[in-house]
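Participant: only geometry, no sequence info:
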C-alpha cells in the first residue's frame, strides 16, 4: 500500500490558500475515487482506496508538525517509508 499525504494547515483561515494545496489534492482524489475521508485517532483524516492500493491522508496538525501524524499512520498501516 502507498500513502498519499496532502499537507496543509487546519482551520478556516487557511482554506483556499496556497498553504492548503495538499489538502485540496487529497479532497479531489477522494472525490474522483468516491471515497469519504474520516477522522482517524484525532491525528488525520483518512480514506483507504483498496482498488488503488493507496491510503489518502490529511494530517490534522499544522504543516510543520505533519511528520508526527505521518509516522503514526505509517506505523499503524505498516507502510514502508519509501511508499
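Facilitator: Right, received. Where do you want to start? Just so we're clear, the structure is a prediction, and the values are computed from it rather than from any experiment.

Participant: So which residues of this protein form strands?
Facilitator: Counting by DSSP state E, the chain has strands at residues 2-5, 38-40, 44-49, 54-59.

Participant: Could you identify which of these is most buried?
Facilitator: For the strands of the chain, average neighbour numbers computed from mean count of other Cβ atoms under 10 Å are highest in strand 54-59, which has a mean of 24. In short, each C-beta sits where N, CA and C put it, glycine included.

Participant: Sheet partners, orientation included, of that one?
Facilitator: Each strand pairing with strand 54-59, determined using DSSP bridges, is listed with its direction: strand 2-5 (parallel), strand 44-49 (antiparallel).

Participant: how about those strands, which one is nearest residue 25?
Facilitator: strand 2-5 (8.1 Å; Cβ to Cβ).

Participant: For residue 36, see how far away the residue in the chain sticking out farthest from the centre is.
Facilitator: The outermost residue of the chain, judged against the average C-alpha position, is residue 13 (19.0 Å), by Cα atoms, centre = their mean. Using Cβ to Cβ, to the nearest Å, one gets 25 Å for the distance from residue 13 to residue 36.
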